[in-house]
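Student: Using only what follows, build the 3D model:
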Amino acid sequence: MAYASKDLSVLAYANGFTLWHYTTTDLAGEVDTTGYFNGASDLLRVGDMILANTDTDGTAAGGVFVVASNAAGVVDVTNIAPFGAANTD
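Tutor: Numbers count the residues shown, from 1 in each chain. Here you go, the predicted model:
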C-alpha cells in the first residue's frame, strides 16, 4: 500500500512542533521506508512525531516515528519505537 493523506491527522501543535497520528494497514517496516511520507512533505518537519497504528488488518502494532529528514520533498522517518511490551497473559 502507500501513504494515505486521509489517515494522517494533527493531534497537537506548539512552538513549531507537531504531534501527528497515522493509521494504516501497512507494516511498520514499510512506513519507515524513505519516501513513504513524501505526499506530506509540505506538512512534516524534522523532529515532528507521528504516533502510529500499523498493520491494523493483521497483527496491529503501535508506536512513534520521528521525522528524521525532509529535504527536496523526500521525507524519512526513524524506525518505529513501539509502545508497551508484549502481552504474555
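
Student: Okay, buried residues for stretch 22-39 please.
Tutor: Residues of stretch 22-39 classed as buried by neighbour count (16 or more other CB atoms under 10 Å): Tyr22, Thr23, Thr24, Asp26, Leu27, Ala28, Val31, Asp32, Tyr36, Phe37, Asn38, Gly39. Placement of C-beta: from N, CA and C, glycine included.

Student: An error on my part: the question was meant for stretch 66-82.
Tutor: Val67, Asn70, Val75, Asp76, Val77, Ile80.

Student: List the contacts of the spatially closest residue to the first one that is not a sequence neighbour.
Tutor: Leaving aside its sequence neighbours, Val67 sits nearest to Asp48 (CB to CB, 6 or more residues apart in numbering; 4.5 Å). Under the criterion of CB atoms under 8 Å, 6 or more residues apart in numbering, the contact list for Asp48 reads Phe17, Thr18, Leu19, Trp20, Val66, Val67.

Student: same check, this time on Val46
Tutor: Contacts of Val46 by CB under 8 Å, 6+ apart are Val67, Ala68, Ser69, Asn70.

Student: tell me the two of those that are most distant?
Tutor: Ala68 and Asn70 (8.4 Å; CB to CB).

Student: What segments of the chain are helices?
Tutor: 28-31 (DSSP state H).

Student: So, low pLDDT: which residues of it?
Tutor: Residues of the chain meeting the criterion pLDDT under 70: 85-87, 89.

Student: Let me know how buried Ile50 is, in neighbour terms.
Tutor: 23 (other CB atoms under 10 Å).
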